[in-house]
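A.B. asks: need a 3D model of the following:
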Amino acid sequence: MKTKKLQYILLATIFFFSVFSFLVFSLKPEKFDLSLSQKAPADIYSPKDIEDRWTTQKLKEEASESVELIYYFDTGVHIEVKKDIENFFQLVYEVRDNEDLDQEEKKRTLEEENHLNLSKENLQTALTASLDKLNYLETYIYEIIAQNMNIGIKVENLQVEKGNIKEYILGLQDFNEALKELAITVVHATIRPNMFFDIDATERLRREAVEGVERIMIKKGDIILKEGDIVTYDRLELLRELSILTDDSRVDIMLYLGIAFIVLVLEVLMIAYMYVFNKEILEKTDKLFMILIIILGSLLITTGVAGISIYLIPVAAAAMLVAILLEARLALLVNICLATLVSIITGHDILFMIMAILGGTAGVFSVINTQQRGNIFLSGIIVSFVNILTIIGIGFISSNDVTKVLTYGFYGVLNGLFCSILTVGTLPLWESLFKVITPLKLVELFNPNQPLLKKLLIEAPGTYHHSIIVGNLSESAADAVGGNPLLARVGAFYHDIGKIKRPYFFKENQLTSENPHDKLTPSLSSLIITGHVKDGIDLAKKHKLPVEVRDFIEQHHGDTLVAYFYHKAKTGENGESIDEQSFRYGGPKPQTKEIAIVMLADSVEAAVRSMSSPSKDKIENLIHKIIQDKLEDGQLEESNLTLKELDIIKKTFVKVILGIFHERIEYPDTDIKELKGRKTYGAGN
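C.D. replies: Here you go, the predicted structure:
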């Protein structure tokens, strides 16, 4: 059990790392020896989808810079400025109207109390100018301030605005130079920015602009650098990120992880399928190894054929082989897994993947139970037909390039033919290396020209004809209970080949009335009779018969008693000391339905042939008695046959026997025991 677990672990590990390594080798990009400012030696393409972060960042910066700065008005500033100007002129009017002060005192008062820090010359002008002109100037200043501050004055534009206002005032004709200078000084002293930078609103708009920039993606297969292009810093870093620079020792973890996950999922799916639906395959490590080699072989073929066209890759061949060698449902799963892997290797071509899945499915359905190797070529034509219909159907939906679609369709037709050639050509190899017995192999084995069957016909003709009838009985019964009728027929043909060694010791091959057993002791006769099983196994091994056929030779008698010679020994001298076990076959008992059916058919054919006057009722009773005896003797307990199936087998035997031995004139009943005595050392042994 421990060894079995180690084998499973080893096989699973080999599968994982083999497929993983193959995908890594296929998907790992070519590396380039490049440096900054060097010219690209050839066109360089991206091995996978990747964001061009440098171009994206540049676009984001441009988007951010394109956002206009947001400013907000502070209406209170205009009011404050106007208030400052009012206070100044109010002070001037009060000082001018104060008759208690002389001119010098008025000047001094203005110098001390005005907050605009005007020069003495400006204050002198304010005191000496005519009141009308001064009022007019004040009004004009308000208008100038209002015009500019209503538009808005930014901090960075304040000096420019002051300069513009100065030039405007200097150009006025209504005031003399002194008043103009006073106005300019008052405006410059009071005016200030009322439009301020709104950093929060600006940053919000910048963020929105940056977020609105879509990432620049370089798709797999897009060109990064054309031949002769100068390698810039951003292109060099992009190549480094793609791990396609020779001086870069970084491992593309994303690539390796992606491949590992895909391989792991596919491996687990196949193991889960076999565990749930077909544990028999899971228990045979050689069959699992065969599946591994078929999958790896298909992947290897992929690398060679993909250079011509991916539509030539023979995925269906692997599915057809698995269907013939093992099981159709498992073949469908293998087909899907292979189509997925090959699609990844060839660049995620959806059209190819659909073609591979549908074509492989058609191939599996068409080879189920095929019994002629020539039929596999017909299966290839079916695969070709499905391939071309799939390619044309999907191609016309997604493309208007009729020539291109028809070219792919032509490759699809060649694909089907290629699959059939691969299947037929490699099938004998799989059958031989892994000892797989396929319907095709079984058909070859019951060909009369097989050396062993020819030898049996020439040297033991009675046994040969007996085996043919047993084969007919077994095939019909196996088919009736859902067994493998072809295997049952072949097993029946070979079950008695051991009689070739001593043919005349068996009743059906005795041409005269002389019986060699009359001159032998019962124990020696029993050894000769039971020895045909061992002789048969030796012949089977010598002629390299499959294990499944050898099992029929070894198990078709189970450990039944050679009753005739046992009873003969019991009635002789020292009969009481006779050990029954020494007169039994060595076993084992039949382990499958098919072998158990051959055991029953063997006994039934011999017994019916020994009847002097067979009739339907007698045949039915005899078959019932034989089956009952085998059941009570425990010979069928390991074969998984149910009582219902035994009843079906009985009815099938009756139907086939009546077709062979036509009902004759009724004769007096014959004792069943007498019949058993006649057949004991005959064909049924």
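
A.B. asks: so which helix or strand takes in the closest residue to Leu205 other than its chain neighbours?
C.D. replies: Of all residues not flanking Leu205 in the chain, Val67 sits nearest, at 4.8 Å (C-beta to C-beta, 6 or more residues apart in numbering). The C-beta positions use only the backbone N, C-alpha and C, and glycine is treated the same way. Using DSSP states H and E, Val67 sits in no helix or strand.

A.B. asks: quick one: Val67 and Arg204 touch, right?
C.D. replies: No - using C-beta atoms under 8 Å, Val67 makes no contact with Arg204, being 9.5 Å away.

A.B. asks: what's the residue nearest to Leu205 sitting at in phi/psi?
C.D. replies: Backbone torsions of Val67, given as degrees, to the nearest 10, read phi -80, psi 120.

A.B. asks: contacting residues around it?
C.D. replies: Contacts for Val67 (C-beta atoms under 8 Å, 6 or more residues apart in numbering) come out as Thr202, Leu205, Arg206, Ala209.

A.B. asks: neighbours around the second one, how many?
C.D. replies: When neighbours are counted by other C-beta atoms under 10 Å, Leu205 registers 16.

A.B. asks: would it count as being in a helix?
C.D. replies: Yes - per DSSP: H, G, I helix; E, B strand; the rest coil, Leu205 lies within a helix segment.

A.B. asks: separation between it and Leu433?
C.D. replies: Leu205 is 72 Å from Leu433, where distance means C-beta to C-beta, to the nearest Å.

A.B. asks: mind jotting down where the helices sit in the stretch 301-450 of the chain?
C.D. replies: Taking DSSP state H, counting those that start in this stretch, the helices of the stretch 301-450 of the chain run over residues 315-325, 328-345, 350-367, 374-398, 402-433, 439-445.

A.B. asks: model confidence score at Leu46, please.
C.D. replies: Wrong residue type there; residue 46 is Ser, not Leu. With respect to pLDDT, Ser46 scores 73.

A.B. asks: actually, Glu666.
C.D. replies: The model reports Glu666 with a pLDDT of 45.

A.B. asks: what does stretch 109-123 rub up against?
C.D. replies: The contact list for stretch 109-123, computed with C-beta under 8 Å, 6+ apart, reads 84, 87-88, 91-92, 95, 101, 107, 126-127, 178, 181-182, 185-186, 189-190.

A.B. asks: run the last query once more with 6 Å
C.D. replies: Phe88, Leu91, Val95, Leu182, Thr185, Ala189 (C-beta atoms under 6 Å, 6 or more residues apart in numbering).

A.B. asks: again, but for stretch 579-596
C.D. replies: With contact meaning C-beta under 6 Å, 6+ apart, stretch 579-596 is reached by 478, 483-484, 487-488, 526, 530, 552, 555, 557-562, 566, 599, 635-636, 638-639, 641.

A.B. asks: try it again with 7 Å
C.D. replies: Residues outside stretch 579-596 that contact it (C-beta atoms under 7 Å, 6 or more residues apart in numbering) are 478, 481, 483-484, 487-488, 491, 523, 526, 530, 533, 551-552, 555-562, 565-566, 569, 599, 635-641.

A.B. asks: can you check stretch 131-139 too?
C.D. replies: Phe89, Ala126, Phe175, Leu179, Leu182, Ala183.

A.B. asks: please identify which of the residues you listed is nearest to Leu358.
C.D. replies: Using C-beta to C-beta, Ala183 is the member of these that sits closest to Leu358, with 91.9 Å.

A.B. asks: quick one: contacts for Gly395?
C.D. replies: Gly395 makes contacts with Leu351, Val405, Tyr408, as judged by C-beta under 7 Å, 6+ apart.

A.B. asks: before we move on, back to that, ok, and the most crowded of the contacts of Val67?
C.D. replies: Highest count within the contacts of Val67 by other C-beta under 10 Å belongs to Arg206, 18 neighbours.

A.B. asks: wait, that residue sits on Ser64?
C.D. replies: Yes - with contact defined as C-beta atoms under 7 Å, Arg206 and Ser64 form a contacting pair (4.6 Å).

A.B. asks: any stretches of the chain with poor pLDDT?
C.D. replies: Scanning the chain for pLDDT under 70 picks out the ranges 1, 29-30, 243, 246-251, 513, 574-576, 661-685.

A.B. asks: what residue in it is the furthest from its centre?
C.D. replies: For the chain, the residue at maximal distance from the C-alpha centroid (C-alpha atoms, centre = their mean) is Asp100, at 108.2 Å.

A.B. asks: am I right that that one is in a helix?
C.D. replies: No - looking at Asp100 with three-state DSSP, it is coil, so not inside a helix.

A.B. asks: who are the contact partners of it?
C.D. replies: Shown here is Asp100, which makes no contacts under the criterion C-beta under 7 Å, 6+ apart.

A.B. asks: next, it: phi, psi?
C.D. replies: Note on Asp100: backbone dihedrals following degrees, to the nearest 10 are phi -80, psi -10.

A.B. asks: could I get the contacts of stretch 109-123 as JSON lines with secondary structure?
C.D. replies: Formatted as JSON lines, these follow (three-state DSSP):
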{"residue": "Phe88", "secondary structure": "helix"}
{"residue": "Leu91", "secondary structure": "helix"}
{"residue": "Val95", "secondary structure": "helix"}
{"residue": "Leu182", "secondary structure": "helix"}
{"residue": "Thr185", "secondary structure": "helix"}
{"residue": "Ala189", "secondary structure": "helix"}
